[in-house]
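K.L.:
next one to model:
(one chain, ligands or ions: 1)
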Amino acid sequence: MGLTCQQLLQKHPQAWQEATIHPFLQECQQGTIQPQQFNTWLVQDYLFVIDFTRFLARILAIAPPHNFDILLAGLSALKDELNWFQTKAAERQLQLNTDKQPTCIEYCDYMQSLSATPYAVQATALWAIELAYNQGWQLPGAMPPPYTEFADRWGNPDFTTYVDFLEQQADAALSNASEEVQQQATAAFLNVARLEKDFWQMAYTVTSDQ
Ligand SMILES: Cc1ncc(CO)c(N)n1
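P.N.:
Predicted coordinates for the structure are as follows:
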């Protein structure tokens, strides 16, 4: 019996809720998030996306060729995203040349560690990481400016379609995976869920100036 992405969501609803529903996102939707909290998220997420880009590049390096179209489109979108983060940081006069916070370090280290796992595990983690933002930024409902463009970046229909393709690719890789690889994929899904929750919390509870 193969494992599917939908089964992971169905078997672990609480972990996934905690990954995608957080006061940080609700307060963006209400317009009450503190600038210092939002700015911390913005800078740390830029640093995360640099490492996430490297993670995706390593996945491309081991992917079957028929998955290249989607993964290369993803890498191209990340190039635009990194430039967009730089624009957003400049508008807010934020310094991007900043240390990663411990949670960001832990998440980036975790992505690095996944390079030792089979493609099916990495494809599952990639899907989970993208789905977390795709759902997280949409679930609170339409966001007011200046948060609208942030919610749209990960909540827009094209991004949802991209995440659907990542799910199909992960499912295909999992369909002939051994029991052991299925367990590794489940662990990766749960680790991503935990790290997503911790990442929101990191920005929400910031105390230092960013
Ligand atoms: C923490 C985090 N998770 C996921 C994404 C992208 O989906 C992101 N930009 N940042």
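
K.L.:
so how far is residue 15 from the residue nearest the centre of the chain?
P.N.:
Closest residue to the average C-alpha location of the chain: residue 129 at 3.3 Å, with CA atoms, centre = their mean. Distance of residue 129 to residue 15, given as CB to CB, to the nearest Å: 14 Å. Any C-beta I mention is one placed from the backbone N, CA and C, and that applies to glycine too.

K.L.:
before we move on, back to that, the residue nearest to the centre of the chain - nearest residue in space that isn't next to it in sequence?
P.N.:
Nearest residue to residue 129, sequence neighbours excluded (CB to CB, 6 or more residues apart in numbering): residue 192, at 5.6 Å.

K.L.:
just the helices from this structure, written as ranges.
P.N.:
Applying DSSP state H to the chain gives helices spanning 5-11, 13-20, 23-30, 35-62, 68-91, 102-113, 119-136, 148-155, 157-175, 179-204.

K.L.:
now residue 11: closest residue in space that isn't a chain neighbour?
P.N.:
residue 186 (8.0 Å).

K.L.:
any idea how far the one you found is from the ligand?
P.N.:
Plainly put, residue 186 is 19 Å away from the ligand if you go by CB to the nearest ligand atom, to the nearest Å.

K.L.:
so what pLDDT did that residue get?
P.N.:
Listed pLDDT for residue 186 reads 98.

K.L.:
what of the one 3 residues further on?
P.N.:
If you check residue 189, the pLDDT there is 98.

K.L.:
could you do residue 206 as well?
P.N.:
At residue 206, the model reports a pLDDT of 80.

K.L.:
once you drop chain neighbours, what's closest to it?
P.N.:
Excluding the flanking residues, the one nearest residue 206 by CB to CB, 6+ apart is residue 40, at 4.2 Å.

K.L.:
hang on, the one you found packs against residue 200?
P.N.:
No. If you go by CB atoms under 8 Å, residue 40 and residue 200 don't touch, sitting 10.8 Å apart.

K.L.:
follow-up on the earlier one: hey, which of the helices of the chain is tucked in deepest?
P.N.:
With neighbours defined as mean count of other CB atoms under 10 Å, the helices of the chain peak in mean count at helix 119-136, which reaches a mean of 24.
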